[in-house]
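# Next input, structure requested:
(one chain, ligands or ions: 1)
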Amino acid sequence: MPLVDLKDMLRHARAKGFAVGAYDAVDSNFVAAIIEGAEAARAPVIVSFAESHFAHYDFPALVAAAESHAKRARVPVALFLDHGASRESAVEAIRLGVNGVMVDASHLPFDENVAATRSVVGMAHGVGVPVEGELGYVPGVEGVDAERHPGEIRLTSPREAALYVDATGVDFLAVSVGTVHGRLRGEPRLDLDRLAAIAVTVGVPLVIHGGTGLTDEQLRSLVARGVAKINYYTALSDLAAAAASNALADVETGYAAAIDAVRAAVADEVARTCEVFGAAGRADETLAVCRSWRNVEHVILFNWSDEVGDRAAEFEAEGRERLSRLPGVREATVGAAIHADAPYQRAWLIRLASAAAEAAYMKDPAHLDYANRVFRPHAADRIKGDFLRD
Ligand SMILES: [Zn+2]
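The predicted structure is shown next:
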């Protein structure tokens, strides 16, 4: 099954009254386990990458691994940037392969949160990527992630939530109704009336951060009130640590046995929570209503004009440098023909995140400047085409 459009996935979830689990991956073993767990439950799934975890792994390599797993998955998958720090983080994550982003400005005052989120929405929507915003504040209490979310809880106001969604254009809204990042201390108390009021004033799918520590009953009551995405990580981390620790108690068991134990523990918990969230058994119907997420290749075969001479390398370097940084561009490379008698001796390959990204690229001022000033005047002999990737 392919990667699918996350907006389609979560709209379907909200319409049908279930939630998709968004599980943070911290290595390729987690990626495999998250997808295996979802496959066991026949559930759509979101593999997330939290920017606060980037110190623990090589983000470009892990997203590439996740993309490879997702393409071979037997359930619909989306790849997500969780708690991105900036617009630049979102551009980079889309370049590397995610197809949904959250940029977290929830610690800022309302107007600044709106301005920061709007800037991300403008960029991301331009290239076909949906955006999650957060209003209110979900703090950390204890556990592996808690210190990354300092401060006091601020519950989401239903009235502000409606204003925020209108002003920013976000596709999904993370709300604060009593959950915390990391582990809970004591009994979790949720403000379900507040959540129900937000769901009435806001049409977009709602998101809960801090799913760990809630009872299954509480999780179901969140889903029943409009939550369509639940971020769930700390419990996976705790189970993985316990599984690794058990397996490694005897060194002679070997490291690979610990990997297997972690993978099984994470996959089991993912499958279990897919059942609790109501996502189990929903893979086929979700796939049927989701657009598939496919890259576009913009290919130009060309010859530099004779008068270009030695400047060709400089022209190509400028193109690679400028074009590869544009939103929605996954790579901008130029290659040389391997046969001296080929009619075209050079080729640009611009790989774009989506058909929307191709349209945005064609209108981008930086691209037009390069095309009109450098490339087209010196490469009159060229053909081009745009191709959807499998
Ligand atoms: Zn979070």
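# Please count neighbours and contacts with C-alpha atoms only from this point.
Will do.
# Could you spell out which stretches of this protein belong to which domain?
6-289, 296-388 (automatic domain parsing).
# Out of these, which gets the lowest mean score?
Looking over these, mean pLDDT reaches its minimum on domain 6-289, with a mean of 94.
# Ends of that domain, what's the gap?
Counting by C-alpha to C-alpha, to the nearest Å, you get 11 Å between the two ends of domain 6-289.
# Is Gly151 inside a helix or a strand, and which specific one?
For Gly151, there is no enclosing helix or strand under DSSP states H and E.
# Look at it and say how many residues are nearby.
By other C-alpha atoms under 10 Å, 14 other residues sit near Gly151.
# swap in Pro2?
21.
# Would you mind confirming that it makes contact with Arg72?
Yes: between Pro2 and Arg72 there is a contact under C-alpha atoms under 8 Å: 7.4 Å.
# Buried deepest among the domains of the chain, which one?
Among these, domain 6-289 has the highest mean neighbour count (mean count of other C-alpha atoms under 10 Å), at a mean of 21.
# What distance separates the opening and closing residues of stretch 71-79?
11 Å.
# What lies in contact with that stretch?
Here stretch 71-79 makes contact (C-alpha atoms under 8 Å, 6 or more residues apart in numbering) with 1-6, 35, 38-39, 42-49, 66-67, 70, 97-100, 283-284, 286-287.
# cool, stretch 264-281 as well?
13, 17-21, 30, 33-44, 216, 219-220, 223, 236, 239-240, 243.
# Now go through those residues and say which are in strands.
Among those, the ones falling in strands (DSSP state E) are Val20, Gly21.
# What is the subsequent helix or strand relative to the longest helix belonging to the chain?
Identified as the longest helix of the chain according to DSSP state H is helix 255-277. The helix or strand immediately downstream of helix 255-277 is helix 283-289, counting by DSSP H and E.
# I'd like the next helix or strand past that next one.
In N-to-C order, the element after helix 283-289 by DSSP H and E is strand 296-303.
# how about Pro188, secondary structure?
Using DSSP: H, G, I helix; E, B strand; the rest coil, the structure places Pro188 in coil.
# do Ile46 as well
strand.
# Tell me the secondary structure at the most centrally placed residue in the chain.
Centroid-nearest residue in the chain: Phe80, 1.4 Å away (criterion: C-alpha atoms, centre = their mean). Following three-state DSSP, Phe80 is assigned to strand.
# what's across from it in the sheet?
With DSSP bridges as the criterion, Phe80 is bridged to Ser48, Gly100.
# Next, work out how far apart it and Ala380 are.
Taken as C-alpha to C-alpha, the span from Phe80 to Ala380 is 41 Å.
# again, but for Leu81
Taking C-alpha to C-alpha, one finds Leu81 at 41 Å from Ala380.
# in the stretch 51-200 of the chain, which spans are strands?
Applying DSSP state E, counting those that start in this stretch to the stretch 51-200 of the chain gives strands spanning 77-84, 100-103, 131-135, 172-175.
# Mind putting those into TSV with distance to Ala196?
Formatted as TSV, the strands of the stretch 51-200 of the chain follow (distance: least, C-alpha to C-alpha, whole Å):
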stretch	distance to Ala196
strand 77-84	24
strand 100-103	23
strand 131-135	15
strand 172-175	11
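# and Asp191, what is it in contact with?
Neighbours of Asp191 in contact, by C-alpha under 8 Å, 6+ apart: Val177, Gly178.
# wait, what's in contact with Ala258?
Ala243, Ala244, Ser245, Ala247, Leu248.
# Give me the spatial nearest neighbour of the second one, chain neighbours excluded.
The shortest distance from Ala244 to any residue that is not its chain neighbour, by C-alpha to C-alpha, 6 or more residues apart in numbering, is 4.9 Å, and that residue is Ala258.
# Distance of that neighbour relative to Glu252?
11 Å.
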